[in-house]
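[1] requesting a structural model of the entry that follows:
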Amino acid sequence: MQVGVMVTSYNHRDWDRLLAGDYGTDPVTPDVAIHRETMKLGDMVEPLGFDAIWCAEHYGSAYSMQGNPLQWLAFWAGRTQRIDMGTAVIVAPWWQPVKLAHEIAMLDLLLDGRRLHIGIGRGISAHEYDAFNVDREESRVRFAEMIEILRRSEQNRFEFHGQAYDVPELTVRPQALHRGHLFDNMKAAFNTPSSMEIAADLGLGQMFVTAVPLDVMAKAVGKFNAIRATKGLPPNQPTTMMYLHCSADRDSIEQGKRYAGEQAWAARNHYAVWNSPSFAGVPGYEDYAKVFAQGRELDEDHAIVGEDGHLIGTPDELIAKIQRTQEKISLEYLIVHPQHGSKPPAEARASLELFAKEVLPAVHEMATPIHEHSLGDPESLQESGAMGGAIG
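    The predicted structure is shown next:
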């Protein structure tokens, strides 16, 4: 099994200022200081033996402060020699398709044979859609058309005329090193049944945060592959992201659970509380009101990520948990997320180092078979429930 590392910045304590609407003062901790700590974390990924750096795409809040993920990963492509890069995720409706196709091709060239894992999604938060002057109700159309455009962009000449996008005949230059296969294993991030079905219908793979019980996720993976089977597509194994806190100290492990709860609280703020109108009545987003408990008052200590949704424990406990997750959902690729919530950067780095020393070798040796219960059957099409959580 391969293991990548999420490298992105959070100014967690700035949520106090944002939720109070105090825009007349600066963050207590400047963003530049947060960014410098994130750089230290990123510099550890290759020497510690991990397989890739991953990042998200968000704008305008204290949550996941990397905008253009391809720009961020291009920096790391030039700073590393061996590891791959991954997007978790590119938010398709916020992009102009010709520009996106060219930027992906350029990053593929810069990696010079290394792999670009492409995770793609349609976005959730109203304030980010508003910032791009894009109607959130158009997200499904824009997402589906973007997938088609990206696939066509590998041709010598292509064009596209759709409802949201109109692309005249053109060629992407320079052509990607992996042209013809660049989008073969593109995966979609989702955490509601309707989004899952859209991704499966488009022939995309699956990517999610393990935010719900494994039994629920296992059923959803089966349903996803059952939908793919109706379209003549082979079964697909998920890439999943899990919050990481590896320690031999029990008090530290308990604190790690609080950090994960804080991260879930921050995600809820970004997607569903701060500058966020109700999801109810927004076509394609109705399920999110329930996912984020929108309309309820939740404090920072209220975790909406269950026990199956994180890697928090001793090295031996984490090895067992990853093995169990693989068996339950046919996990193919793991992304660990060491820096989240209010966790001090030094603590995140120590956790990643311990994981690399005592867990990573065993995970690299793990086989990643697809299990029979993940293949899907006609009965799986009747399953319902959330797949996981929002990536980021």
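[2] and residue 176, what's its pLDDT?
    Note on residue 176: pLDDT of 98.
[3] so residue 169 sits in a helix?
    No: going by DSSP: H, G, I helix; E, B strand; the rest coil, the assignment for residue 169 is strand, not a helix.
[4] mind listing what it touches?
    Residues near residue 169 by C-beta atoms under 8 Å, 6 or more residues apart in numbering: 157, 158, 159. (C-beta placed from N, C-alpha, C; glycine too.)
[5] how about a cut-off of 7 Å?
    Counting by C-beta atoms under 7 Å, 6 or more residues apart in numbering, residue 169 touches 157, 159.
[6] what ranges does the stretch 151-300 of the chain have for its strands?
    158-161, 166-170, 187-189, 205-209, 239-246 (DSSP state E, counting those that start in this stretch).
[7] need the ones you listed in TSV (columns: distance to residue 95 and mean pLDDT).
    Converted to TSV, the strands of the stretch 151-300 of the chain look like this (distance: least, C-beta to C-beta, whole Å; pLDDT from 0 to 100):
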stretch	distance to residue 95	mean pLDDT
strand 158-161	14	98
strand 166-170	12	98
strand 187-189	15	95
strand 205-209	18	94
strand 239-246	21	97
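[8] quick one: closest of these to residue 138.
    Proximity to residue 138 (C-beta to C-beta) singles out strand 166-170 among the strands of the stretch 151-300 of the chain, at 14.2 Å.
[9] before we move on, the earlier item: so which of the strands of the stretch 151-300 of the chain is nearest residue 232?
    strand 205-209 (15.6 Å).
[10] what's the closest one packed up against?
    Counting contacts by 3 or more C-beta pairs under 7 Å, 6 or more residues apart in numbering; DSSP states H and E, strand 205-209 is packed against strand 187-189, strand 239-246.
[11] residue 308: which of these is closest?
    strand 239-246 (9.1 Å).
[12] tell me the strands beside that closest one, with direction?
    strand 205-209 (parallel), strand 310-313 (parallel), strand 333-337 (parallel) (DSSP bridges).
[13] which one of these is the most hemmed in?
    strand 205-209 (a mean of 27; mean count of other C-beta atoms under 10 Å).
[14] returning to that earlier point: JSON lines for the helices and strands packed on strand 205-209, including distance to residue 265?
    Compiled in JSON lines, the helices and strands packed on strand 205-209 are given as follows (distance: least, C-beta to C-beta, whole Å):
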{"stretch": "strand 187-189", "distance to residue 265": "20"}
{"stretch": "strand 239-246", "distance to residue 265": "13"}
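[15] redo the strands of the stretch 151-300 of the chain as CSV? Include distance to residue 319.
    As requested, these are exported to CSV (distance: least, C-beta to C-beta, whole Å):
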stretch, distance to residue 319
strand 158-161, 46
strand 166-170, 48
strand 187-189, 25
strand 205-209, 20
strand 239-246, 10
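[16] nearest to residue 350, out of the ones you listed?
    Once the strands of the stretch 151-300 of the chain are compared by C-beta to C-beta, strand 239-246 is nearest, at 8.6 Å.
[17] what are the contacting residues of that closest one?
    Against strand 239-246 from outside (C-beta under 7 Å, 6+ apart): 6, 88, 187, 207-210, 253, 256, 259-260, 263, 309-312, 315, 318, 331-338, 340, 351, 354-355, 359, 388, 391.
[18] and the helix or strand bottoming out on mean pLDDT in the chain, how far out from the chain middle?
    None of the helices or strands of the chain scores lower by mean pLDDT, DSSP states H and E than helix 288-291, at a mean of 73. Between the centre of helix 288-291 and the centre of its host chain there is 18 Å, according to C-alpha atoms, centre = their mean, to the nearest Å.
[19] ok, residue 225 - how many residues close by?
    Using other C-beta atoms under 10 Å, residue 225 has 23 neighbouring residues.
[20] thinking again about what came up before, adding distance to residue 55, write the strands paired with strand 239-246 out as CSV.
    Below are the strands paired with strand 239-246 laid out as CSV (distance: least, C-beta to C-beta, whole Å):
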stretch, distance to residue 55
strand 205-209, 13
strand 310-313, 19
strand 333-337, 10
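[21] partner strands of whichever helix or strand residue 85 is part of and their direction?
    If you go by DSSP states H and E, residue 85 is part of strand 84-91. Sheet pairing for strand 84-91, assigned by DSSP bridges, gives strand 52-55 (parallel), strand 116-121 (parallel).
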